[in-house]
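> give me a model of this one.
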Amino acid sequence: MNVADGVMTPIIYDGHQIKMLWKKNYAIYRMSTKLRTLINIYKADFFFSRSTSLI
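Residues are numbered from 1 along each chain as shown. Down below sits the predicted model:
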């Protein structure tokens with residue numbers, strides 16, 4: 001969601017809808033960052049277990 005969207009939305013939506021939309025976007029953003037972190041942890045763990053088994 002860029003600045004233009006933020007500027008344009010008040011014309012289309014009322015305050016409550018904007019708030020709900022923002023909350024939804026924020027929740028999606030939080031979920032994606034959590035998922036990315038989990039994937040990175042999993043990758044690191046997998047790599048570590050692979051490297052230790054070779055020794």
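
> pLDDT weak spots in the chain?
The chain contains residues with pLDDT under 70 at 1-13, 52-55.

> and the helices in it?
With DSSP state H, the ranges of helices along the chain come out as 3-12, 15-54.

> save those helices as TSV, and put in mean neighbour count too.
Glycine gets a C-beta too; all of them are placed from N, C-alpha and C. Formatted as TSV, the helices of the chain follow (neighbours: other CB atoms under 10 Å):
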stretch	mean neighbour count
helix 3-12	10
helix 15-54	10
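
> distance of T33 from D45?
Here the criterion is CB to CB, to the nearest Å. By it, T33 lies 19 Å from D45.

> over to N25?
With distances taken as CB to CB, N25 is found 30 Å from D45.

> try L35
Taken as CB to CB, the span from L35 to D45 is 15 Å.

> how about I39?
Counting by CB to CB - I39 and D45 are separated by 11 Å.

> check the gap between K43 and Y29 for me.
K43 is 21 Å from Y29, by CB to CB.

> likewise for F47?
In this structure, F47 and Y29 are 27 Å apart, going by CB to CB.

> that's all I had, so thanks and see you.
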